[in-house]
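>>> quick one: sequence plus predicted model below, questions after.
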Amino acid sequence: DYTDRANCILFGDGAAAVLLEPSTDGFGILDQVLRTDGSGEAYLHQKAGGSRRPPSHATVDAKEHYIYQEGATVFKFAVKSMADVAAQVMERNHLSKDDVAFLVPHQANKRIIDATANRMGVGPEKVMLNIDRYGNTTNATIPLCLADYESQLRRGDNLVLAAFGGGFTWGSIYLKWAYDGNSVAVS
């Protein structure tokens, strides 16, 4: 909603997907931590378009299909929760900062990304970033990072993915990369 100057400047437009296939040789998603707290709905949500308020002429005319967020509250919760689950997935899998090739964070805010990296103990050279080029593309941020950095990834790299979203929802994934990124053509 370009009339909502508090939010429209924060978000970019993007789409991306990640294709997964079965693996029996120790690669792929090895662990995950997923959390939700519905009390955050008041602070980050879309008013209509889901099953509770399906799309209609009235909901579109009322501009209820745009994101709403109370930035300060969302920021505080996101900083703590994203960092907590990333650290938790590392602890559960006995990963040190030296074991992690990259943090692949949701690209919502550079300060949230920095807080997550700091909590994990990883330096900026191990953090995938593209928010400076695309903005916050919401669900597309992590797949876009993987595509942007694919040529730098090597078979066996340990990746920690971390994200935060509406409602509130947040999570982290421990992923072991399965191939050398420079050996695959991406179009």
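Cool, got the structure.
>>> can you show me the helices along this protein?
57-61, 71-92, 110-120, 131-134, 141-149 (DSSP state H).
>>> and of the ones you listed, who's closest to Phe102?
helix 141-149 (6.8 Å; Cβ to Cβ). All C-beta atoms are positioned from the backbone trio N, CA, C, and that covers glycine.
>>> check which helices and strands that closest one sits against.
strand 100-105, helix 131-134, strand 158-165 (3 or more Cβ pairs under 8 Å, 6 or more residues apart in numbering; DSSP states H and E).
>>> tabulate those in TSV, adding columns for mean neighbour count.
Shown next, in TSV, are the helices and strands packed on helix 141-149 (neighbours: other Cβ atoms under 10 Å):
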stretch	mean neighbour count
strand 100-105	24
helix 131-134	14
strand 158-165	24
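>>> tabulate the helices of the chain in TSV, adding columns for mean pLDDT.
Output for the helices of the chain, formatted as TSV (pLDDT from 0 to 100):
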stretch	mean pLDDT
helix 57-61	95
helix 71-92	94
helix 110-120	94
helix 131-134	92
helix 141-149	95
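>>> Ile173 is nearest to which of those?
That would be helix 71-92 among these, by Cβ to Cβ, at 7.1 Å.
>>> re earlier: tabulate the helices of the chain (JSON lines), appending distance to Cys8.
JSON lines is the format used below for the helices of the chain (distance: least, Cβ to Cβ, whole Å):
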{"stretch": "helix 57-61", "distance to Cys8": "17"}
{"stretch": "helix 71-92", "distance to Cys8": "13"}
{"stretch": "helix 110-120", "distance to Cys8": "18"}
{"stretch": "helix 131-134", "distance to Cys8": "15"}
{"stretch": "helix 141-149", "distance to Cys8": "17"}
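>>> out of the ones you listed, nearest to Arg5?
That would be helix 71-92 among those, by Cβ to Cβ, at 12.0 Å.
>>> show me the contacts for the spatially closest residue to Asn109 that is not a sequence neighbour.
Excluding the flanking residues, the one nearest Asn109 by Cβ to Cβ, 6 or more residues apart in numbering is Phe75, at 6.6 Å. Neighbour list for Phe75: Asn109, Arg111, Ile112 [criterion: Cβ atoms under 8 Å, 6 or more residues apart in numbering].
>>> go ahead and confirm Ala140 touches Ala16.
Yes. Assessed by Cβ atoms under 8 Å, Ala140 is found in contact with Ala16 at 4.2 Å.
>>> format the helices and strands packed on helix 141-149 as CSV; extra columns: distance to Asn182.
Shown next, in CSV, are the helices and strands packed on helix 141-149 (distance: least, Cβ to Cβ, whole Å):
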stretch, distance to Asn182
strand 100-105, 14
helix 131-134, 21
strand 158-165, 16
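>>> could you tell me the least trusted of the ones you listed?
Note on those: lowest mean pLDDT is at helix 131-134, with a mean of 92.
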